[in-house]
Structure formats: structure tokens, C-alpha cells
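Engineer: The following block contains a protein sequence and its predicted model.
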Amino acid sequence: MLGVIRTKLSGDGLGARVMRGSALTFMGFGTSQFLRLGSNLILTRLLFPEAFGLMAIVTLFMTGLQMISDIGLATCIVRSKRGDEPVFLNTAWTLQIIRHTVLALICCAVAGPVADFYDEPILHGLMYGIALSVFVMGLRSTRIATANKKILLGRLTLMDLSSQLLMILTMVVLALVWESVWALMIGMIVSNLSTAILSHIMLPGHPSRLQFERAAFLEQFHFGKYLFVSSGVTFVVENGDRILLSKFLSLAYLGFYNIAFFFASVPMTLMGSFVSRVVFPLYSARPPAESAANRRAISKTRFGLTGGMFTLLFVLGLMGQWLTDLLYTEEYQDSGPILVLLAVFLMPSLIIHSYPNLLLSVGKSKTYMGFQVFRLVMQVTLLVFGLTQFGLIGAMIAQPIAALLIYPVLIYLIRPYRGEDFLHDSVFSALAVICTAIVFWVNGDALDRVLAISVEGAAEVTVQSSATPLGE
């Protein structure tokens, strides 16, 4: 058996690279989450709950800037026939630096209004920290995209883990001596700076240089102009709950939700890594419309990935309350019931997670954008209705309902490219129903507690609105 595994993992063929890429992604992500959990446990004992609420807002803003302005440079490198040409890569790197410089200036310009909107003066300074972090992110080498294109993930995984470890050490040391939310911000800056430096040193490939070619720019612009819209839409789709809850819940309860989301999002984030690093290149190399063999290979890969991530969500649903009770102090225990519900409510989204990438692999970025806009309208409408009518629980239930409603539209869009897999979808839909029933049977009081949190969190926002802001 070991000989068979060694044979399948060795070699330079696409199948071997897919298997190695999957294994490295899983091991790297597992190690990353272990480090992230360890640092989270340490930092929750060194800092106050509101600090994590503030960083949830900061992280959302930085992620939003990144995605709203995304022009798909890395994706274009992966799918373009010119993706290995030095002039093409240099043009992409030049555009990347320009984009991130503009983003940094925007952060500085809106620092005051953001602090006023949340009534937290400390956010004014934190926004300048975001500006610096965003700028250094723009210095990352295009070798990252090249490594993803060729599914060569060994050094890429090591680079990511090295940057994360340096970030954690920085956060913990500063939190010990400073006891401020700035410990988290400076750690984030250090992480992005180290990633930028290591991407030029550790990864093989063409060295990045400032250069501009009109033909390369036009191809990247033509492909990315629709991703510019769809990426921003995707950000709102994936983070709409926290965007709305950042105003609906107090900072403390937002911190609880963020801790629960940290655990519940692990399978979704890992699935996203698999999709971008394995499934998307597989879609590009072996289009499902070309042959039944390609469809079987993709289906087999999706079954394995969805099955693994589905199992993680189920375990988190069963053990969410016990897990938070074990790992966190008493003041963070309200994260448990939220984690239980989030785990089962994310299952429908997990099932369809890789489908939209098929549209990008065949160059249909305009269709992808249209789908994401439709998805945005559907999900935000449900989120706003659920939140205003039922509070936190309403916002959480909106996500699985939206996934079910957009499914027929998604299947219609990918059917011309033979990407639908009804066996996969049916099997995991049935499992989702069964797993949800089991989770609620085991954790019968989770729903009641989340309903209570909805009322308490909203009440604290009202009280805090007339109190002294945290940053004063």
C-alpha cells in the first residue's frame, strides 16, 4: 500500500501533482489552523473580548478593499497561455503594485469616516495600519501565481507557515508587554511583509520586475474587468453576515461570533484553498466538456474534498459547545452555541462551493460576474430580512436558504460545460439533512441560547451607543 501511494505521489504528471497539491494543501492548512488556534487561545487570555471585535471590523475592511478592487491578476496568470512569459508576469506585477498603492491611499483617506461610523476613535489609527499592510501585500512576487498554476505547492506552503509563525510570535510578545489591539495589527503587518519578502526568495520562477506591455495589459484588463465587479460581490456574499452584525451586535458579542466563525469557517476556507489550488487548475487542464474521463476525474476529486470538509463541519456541529467550553475562559462561552448552528448552516454552501470556478476556467468571467451579482442580491435580501425580523438567528439561517435558491441558476450556467454532478449533490444534500438532525438532537439548547444572544447583543449596542467609546 505504501508503495502504491508513493508511486501515485511521485512523478511530474498532472495526476501526481494534483495528489501532492491536495496533500500539501491539507497538511499546510491543518498546521496553519493549529497555529492559529494556539495563538487565539493565548491572545484571548492576554487581551479583552472587544479587541477581537475591533479586529473583526478591521479584517473585514481590509478583505473588502482587497476583493472589491480585485482585477484577477493571479487568476489570469493561471489560465492564460502567456502565463509563463516574463513580460506578461512583469506587467501583472506592475499593475499589482499600482493597485495596492491606490488601496493604501484610500485607507488613509477614509480613516476618519470609518472611526466615526463605528463611534470608535481607535479605528482611526488602525486604518493607517491597514494602509501599510495593504501596500506591502502589493509587493508579493508573481511567483506565487506561477506556483499555483503548476500545482507546485511545497515551498508555497512553507512560505505561508513561516509568515504565520512570525505573525503569531509578534502578536503574543506585543500583547504581553502592550495589552492593546495594536498587537494584533502589527502582527498582521509583519505577516504580510514577510510573505512579500519570502515570495521573492523562496519560490522558483521568473524574478518580478517593473515593466509594462500593452498587449499583456489588454489581456489582463479584458479578463479582469468582470472579476473587478464579481470579486467585490463575492466579498459581500461571503462576509455579509459579519458586515451587518458589526452594527447589530456589541463589540463583545461580535468577538464571540468571530471566534465561532473562526472554527466553523475552517472547512469552508480549506475547501476554498483546495478549489483555487487543485480544482481550478484541474478544470483548466481537463475541461469536463472534453471527455467522460475528465468528468470522472473531477467528480472523484470533488467527492473526496467535499466528503472531508463535510465531516469536519459535522464534528464541529456535534462538539462545538464542548470545544469552546474546553478551550476558552468563561467569558467566551457564548461562542459555543453560535458555532453549533454555523457548522450545520454552512453545509449547503460547501456542496456547491467549487462550481462557479468552472466558469472562470473557460474564460466566462462576465457570466461569473452575473452569477455573483444574482447571488449577492439573493443573499443580502435574505440576510437583511432575517436580521431585522429574527435577529442573529435570522441572519444565520439566511445563508443555507440562499444556497438552495441559487442552486438551479448555477446548474443552468455550468451545464453547457458539462460541469454538473447530480450524484455528488444528491448524496451530500441527503447527508446534510441527516447531520443537521443529529446535531440538533445532541445540542438541543444551542438554538435557545442563540436566540437569547440576539436580544442581549442588540441591547448592549443600545447601551454602548450612549457610553464612552472604547478608544477614548
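Structural biologist: Good, I have the coordinates.

Engineer: show me where the stretch 201-350 of the chain has helices.
Structural biologist: With DSSP state H, counting those that start in this stretch, the ranges of helices along the stretch 201-350 of the chain come out as 214-248, 251-274, 280-285, 292-327, 335-345, 347-351.

Engineer: same question for the following helix or strand past the shortest one, mean pLDDT?
Structural biologist: Translated: helix 347-351. Later in the chain than helix 347-351, the nearest helix or strand by DSSP states H and E is helix 356-361. Taken as a whole, helix 356-361 has a mean pLDDT of 85.

Engineer: secondary structure element for residue 412?
Structural biologist: When secondary structure is defined by DSSP H and E, residue 412 falls within helix 392-414.

Engineer: Pull out the buried positions in that helix.
Structural biologist: 392-403, 406-407, 410-411, 413-414 (16 or more other C-beta atoms under 10 Å). To be clear about C-beta, it is placed using only N, CA and C from the backbone, and glycine gets the same treatment.

Engineer: still on that earlier bit, the helices of the stretch 201-350 of the chain into a markdown table, with extra columns for mean pLDDT and distance to residue 187?
Structural biologist: Rendered in a markdown table, the data for these read as follows (pLDDT from 0 to 100; distance: least, C-beta to C-beta, whole Å):
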| stretch | mean pLDDT | distance to residue 187 |
| --- | --- | --- |
| helix 214-248 | 72 | 20 |
| helix 251-274 | 80 | 16 |
| helix 280-285 | 79 | 30 |
| helix 292-327 | 88 | 20 |
| helix 335-345 | 88 | 21 |
| helix 347-351 | 91 | 29 |
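
Engineer: right, so of those helices, which gets closest to residue 143?
Structural biologist: helix 280-285 (15.8 Å; C-beta to C-beta).

Engineer: pLDDT weak spots in this protein?
Structural biologist: With pLDDT under 70 as the threshold, the chain has low-confidence stretches at 1-26, 28-29, 49, 66-71, 149-153, 224-240, 246-251, 453-472.

Engineer: Show me it divided up by domain.
Structural biologist: With domains defined by automatic domain parsing, the chain comprises 11-236, 249-472.

Engineer: Just tell me which of the ones you listed ends up closest to residue 242.
Structural biologist: Across these, the minimum distance to residue 242, taken as C-beta to C-beta, is reached by domain 11-236, at 5.8 Å.

Engineer: picking up where we left off before, with distance to residue 243 as extra columns, can I get the domains of the chain in CSV?
Structural biologist: Rendered in CSV, the data for the domains of the chain read as follows (distance: least, C-beta to C-beta, whole Å):
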stretch, distance to residue 243
domain 11-236, 6
domain 249-472, 9
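
Engineer: Can you classify residue 444 by secondary structure?
Structural biologist: Three-state assignment for residue 444 (DSSP: H, G, I helix; E, B strand; the rest coil): coil.

Engineer: Adjust the sequence numbering to begin at 494 for everything that follows.
Structural biologist: Yep, numbering from 494; the last one is residue 937 now.

Engineer: Could I get the contacting residues of residue 921?
Structural biologist: 799-800, 803, 840, 843-844 (C-beta atoms under 8 Å, 6 or more residues apart in numbering).

Engineer: which of these sit farthest apart?
Structural biologist: Taking C-beta to C-beta as the measure, the contacts of residue 921 reach their widest spread between 800 and 840, a distance of 12.2 Å.

Engineer: more crowded one of those two?
Structural biologist: Higher neighbour count among residue 800 and residue 840: residue 840, with 26 against 13, using other C-beta atoms under 10 Å.

Engineer: Surely that one and residue 925 touch.
Structural biologist: Yes. The criterion here is C-beta atoms under 8 Å, and residue 840 meets it with residue 925 at 4.2 Å.

Engineer: hey, what's in contact with both of those two?
Structural biologist: Residues touching both residue 840 and residue 925 (C-beta under 8 Å, 6+ apart) are residue 803.

Engineer: just to revisit the earlier point, most packed of the helices of the stretch 694-843 of the chain?
Structural biologist: helix 828-838 (a mean of 26; mean count of other C-beta atoms under 10 Å).

Engineer: list the helices and strands it packs on?
Structural biologist: When contacts are defined as 3 or more C-beta pairs under 8 Å, 6 or more residues apart in numbering; DSSP states H and E, helix 828-838 packs onto helix 744-767, helix 785-820, helix 885-907, helix 915-935, helix 939-957.

Engineer: okay, those in TSV with distance to residue 660 next?
Structural biologist: What follows is these, written out as TSV (distance: least, C-beta to C-beta, whole Å):
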stretch	distance to residue 660
helix 744-767	15
helix 785-820	20
helix 885-907	29
helix 915-935	33
helix 939-957	29
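
Engineer: so which of these gets nearest residue 676?
Structural biologist: Checking these against residue 676 by C-beta to C-beta gives helix 744-767 as the closest, at 15.1 Å.

Engineer: and the angle from that closest one to helix 785-820?
Structural biologist: What separates the directions of helix 744-767 and helix 785-820 is an angle of 150 degrees, with axes from the mean of the first three to the mean of the last three C-alpha atoms, to 10 degrees.
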